[in-house]
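> Here is a sequence with its predicted model. Questions after.
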Amino acid sequence: MRNLDEIRISGGKPLYGTVKVQGSKNAALPMMAASLLYKGVSILKGCPKIADVFCMEEILRELGASTWWEDHDLYMDCTHADGTEIPCGYTGKMRSSVIFLAALLGRSGKGQMGYPGGCVIGQRPIDLHLYALRSLGAVIEESPFFISAKCDRLSGNEICFTKRSVGATEQAILGAVLARGETSIRNCAREPEIVWLCRYLRRMGAIIQGEGEDCICIRGVEELHGGVMQVPPDRIVAGTYLCACAATRGKISLKNPPVGELDAFLEVYRKMGGQYKVKSGKLVADGTGVNRAVPFLKTEVYPGFPTDLQSPLMAVLAAVPGESHIREQIFEDRFKAAEELNRMGAEIAVVGRDARICGRKGLRGCTVCAEELRGGAALVIAGLAAQGETIVRGCSYISRGYEHICEDLSLMGADIVLI
């Protein structure tokens, strides 16, 4: 997969066609960290070949693992992955790197890493991550440049989060599976990616109950064995393509869709006038009737409307007549795409965590710049709906989460190329 530099789109054409949904980024990354807990080979089948996965693969190699690909199956041999330090050059690229800290403690009893980076979409503190590890007995030192942690062996405990956090829940799970005794994780995140991580760890021999609920209970084991898992389809990629269908008033089919994980999004899609049905393993979507604004929508933790689909939906609403109102409750700076959409003729006013969109027909193509992953996808969607040519710059962000967005959209009739 080549990194995306700039994308050129000739818009105004409805999408028609069928594509398969790629493997989930947010499911694959914690599974890769979990693989470090076994001194042997683990396999992720159908793993997406995206920048974030490649970065996690580089971290595993930095720690001493051997990795290789067979088509889309990722093999990770962690037999000799006994390194305990992850340079900030890796961790600064992506936030998910922080969950390696629990895996390092579980495997080696110590770990050091630079602070995690990723998209700039607001404050993303790691205090809940460190709280979880300290609750399990880790001694943690924070310096201006790195985090270090150590323990003789983690010990089970009760962890009660003050707010739901996907990453912190994953951190607690990874720390608890090899900890001595039992751990209860309360007020934990319920996202599908948590469920998939627990299923993967259970295949490795972990004893876990309650994933997908408010409380996860884990009884630590002495050791794990190798895991083999099919990476589930990516619900955010599926939602992005449905937004593209809605914005262009097209008709598309998604093969292998994560239907049960898209309920909140599909409810909004239906309210806008979109129609869909699930038939023979496909989600068939009809966006020709999308013509209604969304009076009020707020992003929430799962099972509410996902923050990762807020920007793509905003691109749709910019071209739907009427006034829509989105409140972003997860990240306080996730409206970065709004200014660029306005340059394309949208009318979006952002005040704090609220965006009001006065939808109108007739977005126009121009040169815009992506500043983060999902905002970049939103600009692509707007370009598909706009009249004329759109150039999207800064598209290396998009390659962090979308393996072949241009190829997929081309298969559905879009006039879109890398330049």
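Now that the structure is in, tell me what you want to look at. Numbering: from 1, shown residues only.

> use CA for all of it now, contacts and neighbours both
Fine.

> For the residue lying farthest from the centre of the chain, grab phi and psi.
Note on the chain: the largest C-alpha distance from the chain mean falls to Asp152, namely 33.0 Å (Cα atoms, centre = their mean). Per-residue torsions, Asp152: phi -70, psi -50 (degrees, to the nearest 10).

> residue contacts, the residue lying closest to it once chain neighbours are set aside?
With sequence-adjacent residues excluded and distances taken as Cα to Cα, 6 or more residues apart in numbering, Asp152 is closest to Gly109, at 5.9 Å. By Cα atoms under 8 Å, 6 or more residues apart in numbering, Gly109 lies in contact with 150-154.

> which of the residues you listed count as buried?
150-151, 153-154 (16 or more other Cα atoms under 10 Å).

> wait, which of these is closest to Glu58?
Nearest to Glu58 among the buried ones among the contacts of Gly109: Lys150, at 23.0 Å, using Cα to Cα.

> End to end on stretch 133-149, go ahead and measure it.
9 Å (Cα to Cα, to the nearest Å).

> Following element in sequence after the helix or strand of the chain with the lowest mean pLDDT, please.
Least confident helix or strand of the chain, by mean pLDDT, DSSP states H and E, is helix 88-91 with a mean of 84. Proceeding N to C from helix 88-91, the next assigned helix or strand is helix 100-108, under DSSP states H and E.

> what's that next one packed up against?
Other helices and strands packing on helix 100-108, by 3 or more Cα pairs under 8 Å, 6 or more residues apart in numbering; DSSP states H and E, are helix 25-35, strand 110-114, strand 146-150, helix 166-176.

> Determine the set of other helices and strands touching the third one.
Spelled out, that is strand 146-150. Using 3+ Cα pairs under 8 Å, 6+ apart, strand 146-150 sits against helix 100-108, strand 110-114, strand 139-142.

> now the second one
For strand 110-114, the packing partners by 3+ Cα pairs under 8 Å, 6+ apart come out as strand 85-86, helix 88-91, helix 100-108, strand 146-150.

> quick one: that strand to helix 100-108, angle?
Interaxial angle, strand 110-114 versus helix 100-108 (axes from the mean of the first three to the mean of the last three Cα atoms, to 10 degrees): 160 degrees.

> how far off strand 146-150 does strand 110-114 point, in degrees?
170 degrees.

> And the contacts of the next helix-or-strand element following strand 110-114?
Per DSSP H and E, strand 110-114 leads on to helix 127-135 as the next helix or strand towards the C-terminus. Helix 127-135 is touched from outside by 102, 140, 157-159, 161, 165, 167-169, 171-172, 175, with contacts defined as Cα under 8 Å, 6+ apart.

> Taking the residues you listed together, which two end up most distant?
Largest separation among the contacts of helix 127-135 by Cα to Cα: Ile140 and Ser165, giving 19.8 Å.

> just for this structure, where's the confidence low?
Along the chain, the model assigns pLDDT under 70 to residues 1-4, 117-124.

> Could I get the full set of helices for it?
25-35, 51-62, 88-91, 100-108, 127-135, 166-176, 192-203, 235-248, 263-271, 310-317, 336-343, 373-385, 405-411 (DSSP state H).

> C-alpha coordinates for the third one, PDB please?
In PDB, the C-alpha atoms belonging to helix 88-91 read as follows (Å, rounded to 0.1, in the frame of the first residue of the first chain):
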ATOM      1  CA  CYS A  88       9.200   8.100  21.000                       C
ATOM      2  CA  GLY A  89       9.800   8.100  17.300                       C
ATOM      3  CA  TYR A  90       7.200   5.200  17.100                       C
ATOM      4  CA  THR A  91       4.900   6.200  19.900                       C
END
